[in-house]
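> Dropping a prediction and its sequence here:
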Amino acid sequence: MKREMSQKMIRILMCPACRGDIKHDKARGELCCAKCRERYRINNGVPVFVQGKAKVI
């Protein structure tokens, strides 16, 4: 399963919970919000931004 995304795509995304900036955690294959600290997994290059599926760090 592909757990990465292009940097160009990541720059235009925002956290759906708080609209904060998203960072790519390549080691975990997740996107992380610096503001509210939610984590969203990446499945086959597509972020899973479904509320209730996120993890808080």
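Done, it's in.

> So, low pLDDT: which residues of the protein?
1, 53-54, 56-57 (pLDDT under 70).

> All the strands of this structure, in order from the start?
22-25, 30-33, 38-43, 46-47, 55-56 (DSSP state E).

> List the buried residues in the third one.
Across strand 38-43, burial judged by 16 or more other CB atoms under 10 Å covers 38, 40-42. To be clear about C-beta, it is placed using only N, CA and C from the backbone, and glycine gets the same treatment.

> likewise the second one?
Neighbour-count burial for strand 30-33 flags 30-33 (criterion: 16+ other CB under 10 Å).

> Check stretch 19-35 too.
Under 16+ other CB under 10 Å, the buried positions of stretch 19-35 are 20, 22, 24, 30-33.

> Dump these into CSV; add distance to residue 10 as well.
Shown next, in CSV, are those (distance: CB to CB, whole Å):
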residue, distance to residue 10
20, 13
22, 6
24, 5
30, 12
31, 7
32, 11
33, 12
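
> hmm, back to that, right, so of the strands of the chain, which gets closest to residue 16?
Among the strands of the chain, strand 38-43 comes nearest to residue 16, with 8.3 Å by CB to CB.

> Just the endpoints, please. Distance across stretch 25-36?
15 Å (CA to CA, to the nearest Å).

> Contacts for it next, please.
Applying CB atoms under 8 Å, 6 or more residues apart in numbering, the contact partners of stretch 25-36 are 3-5, 10, 13, 15, 17-18, 20-24, 38-42, 47, 56-57.
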